[in-house]
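Asks: based on what follows, work out the 3D shape:
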Amino acid sequence: MVDKIGSISIPYAEAGFFSKLVTDYLNEKEELKEFYKHPVSIEGIKASIEERKSFNTNRKLLVDQLTNQYKGIQLTAIQTVNLQALLAKETFTVTTAHQPNIFTGPLYFVYKIIHAIKLADELKEQLPEYDFIPVYYMGSEDADLDELGNITLNGEKLIWNTNQTGAVGRMKVDKGLLQIIKSIAGQIGIHPYGNDLINLYEQCFTIGKTIQQATLELVNSLFADYGLLILIPDNAPLKASFNKIIKKELVQQFSHVEVLKTVKELSKLYKVQASGRELNLFYLFEDKRERIELKELASNGKSFTVSVLKKEWTLNDILIELNEFPERFSGNVILRGLFQETILPNIAFIGGGGELAYWLELKGVFDAANIPYPVLLLRNSLLLVNDKQANKIEKLGLTEVDSFLSSEALLKNVVLKHSENKLDLTEEVKQLNEIYSQLKNKVSTVDATLIEHIDSLEKLALKKVIALERKMLRAEKRKFKEHQHQIIVLKQSLFPHNNLQERVENFSTFYALYGEKWLQLIYKASLTLEQEFCILKM
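Replies: Numbering: from 1, shown residues only. Got it, this is the predicted structure:
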């Protein structure tokens, strides 16, 4: 499908970068239906709304905490309306979640937020009796600095060198991070909107400010006009509302039991991703985020330890700790979604392929916790193709869709299209089949047992002809060395390190070139419930 803004949509399976689990989910394979609740459709959305209506979300708590969180930040008119709308029982959220990657990290950070915005807008039109608010849920408690503390800009990886540890969201902006802004400026300062973006980075990332606060301010500056609300769940009152589930985990270790059941069934069909631990909780204290380990005592009791912090509790003691300091308890990947769906009146969750894979392990956990399970959507994926790349593709006689093929397959297509020699032996193979068919007819009247011998001769002959065709193609490819070089350069520019562009490159260069119009263009190209990969000509 090609639309008026020059985008082409293809099935995710044709892109070649997504697992069988993901593509089977998108194709609504029957064997996967027991692992999720609602289909990706307007009917699925309606069913999710009905289920959500029966769950008591503490809307006042949510609005109060969002209001406190936004102190000192000027809300746009649409944000103000959306924030107050959350108090109404007819209002629901469309949520995407991501860690606070510095300067937003890879491109898909932006794509998934815009997907949430676009879907919320479309649902407002399709279901006007309800209201829908796009939410970015910040996973600021993630401690993986190796993943979150770098960006790639025009192929160059810029790394934040810091000695800080623990939850990345709680880390502070330091001189090392400001040095990255200088490096970014050196690359994008020459572009029309480069200095505007650098000024924004300098306003948001100031010495001593937490990464979660800086990320809040940056993302808000980019998407406030779209009505996006950003939630930092590392918040004592919000976490206190989840104490019931944390207590259930501490007492029963229920999530591990449920995940193991699901993994046992799911692993019969697919390679599973995240089976969790016996106790799926972390302990947050100052600059540390450490696993809470469970120990069985000889007295049939339980002990909970955080060895790095030299802390140990009995069950009774850790429940007291939970009541007094709920902000110190943090669920891992298995419990994170339950917390999100507890504090938000959410009906749809937008995540990447990895997120979708582990959410498919969690339906039993949601059921055991009596928390509604939302519609799961694979986030939008886009390949951005600029004029130079598009011209090169056209000169090679290829299409943007062809670019997903391997370099070897692309070269074969180019050679077959441009060679003056006939390299395709399909006609000769057809003639060969006819010859052996005639031989079988003649031999069958003499001795039918010789048919098997002729079959063997035919297979051998066909094998040699096919091998000859490959040798001819290899010989012809040597005449296309320049084309081969162009293909390799093109593939590297569109698929850096043989990966999707969106998983590597940061948005800064694109924004520096086009400004806010780039965000608007991504919004226009973004799909909602269609679940297809978009190729966008810039």
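Asks: roughly how far out does the longest helix seen in the chain sit from the chain middle?
Replies: In the chain, with assignment by DSSP state H, the single longest helix is helix 451-477. In terms of CA atoms, centre = their mean, to the nearest Å, the centre of helix 451-477 is found 44 Å from the chain centre.
Asks: try stretch 385-397
Replies: Its chain's average C-alpha position is 27 Å from that of stretch 385-397, according to CA atoms, centre = their mean.
Asks: would you map out the domains in this structure?
Replies: With domains defined by automatic domain parsing, the chain comprises 7-240+334-381+501-537, 399-498.
Asks: span of the first one from start to end?
Replies: I take that to be domain 7-240+334-381+501-537. By CA to CA, to the nearest Å, the extent of domain 7-240+334-381+501-537 from end to end equals 6 Å.
Asks: tell me how many other residues crowd residue 51.
Replies: For residue 51, the neighbour count with other CB atoms under 10 Å is 15. C-betas here are computed from N, CA, C, even on glycine.
Asks: all the strands of the stretch 251-400 of the chain, in order from the start?
Replies: Taking DSSP state E, counting those that start in this stretch, the strands of the stretch 251-400 of the chain run over residues 281-285, 288-291, 293-296, 302-306, 311-314, 329-331, 346-351, 375-378, 382-385.
Asks: pLDDT on the last one, on average?
Replies: On average, the pLDDT along strand 382-385 is 97.
Asks: in this protein, which residue is closest to the centre?
Replies: Centroid-nearest residue in the chain, with CA atoms, centre = their mean: residue 352, separated by 2.1 Å.
Asks: wait, it sits on residue 106?
Replies: No. Using CB atoms under 8 Å, residue 352 is not in contact with residue 106; the gap is 10.1 Å.
Asks: what about residue 242, distance to residue 291?
Replies: Look at residue 242 and residue 291: by CB to CB, to the nearest Å, they are 18 Å apart.
Asks: which of those two has more residues huddled nearby?
Replies: Applying other CB under 10 Å to residue 242 and residue 291 shows that residue 242 carries more neighbours, namely 21 against 16.
Asks: ok, the more buried one - contacts?
Replies: By CB atoms under 8 Å, 6 or more residues apart in numbering, the contact list for residue 242 reads 326, 338, 339, 342, 343.
Asks: ok, back up a step: who touches both of residue 352 and residue 106?
Replies: Joint contacts of residue 352 and residue 106 (CB under 8 Å, 6+ apart) do not exist.
Asks: hey, which helix or strand in the chain has the poorest pLDDT?
Replies: Across the helices and strands of the chain, mean confidence by mean pLDDT, DSSP states H and E is lowest for helix 451-477: a mean of 76.
Asks: sorry, back to before: farthest-separated two in the contacts of residue 242?
Replies: 326 and 338 (14.6 Å; CB to CB).
Asks: those two - which one has more neighbours?
Replies: Each of residue 326 and residue 338 has its neighbours counted (other CB under 10 Å); residue 338 has more, 23 against 18.
Asks: and that one, what does it touch?
Replies: Applying CB under 8 Å, 6+ apart, we find residue 338 in contact with 242, 245, 331, 362, 365, 366, 369, 371.
Asks: a markdown table please, covering the strands of the stretch 251-400 of the chain and showing distance to residue 229.
Replies: Conversion of the strands of the stretch 251-400 of the chain to a markdown table gives the following (distance: least, CB to CB, whole Å):
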| stretch | distance to residue 229 |
| --- | --- |
| strand 281-285 | 24 |
| strand 288-291 | 25 |
| strand 293-296 | 36 |
| strand 302-306 | 33 |
| strand 311-314 | 35 |
| strand 329-331 | 22 |
| strand 346-351 | 12 |
| strand 375-378 | 18 |
| strand 382-385 | 24 |
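Asks: where among the ones you listed is average confidence lowest?
Replies: strand 293-296 - the lowest mean pLDDT of the strands of the stretch 251-400 of the chain, at a mean of 89.
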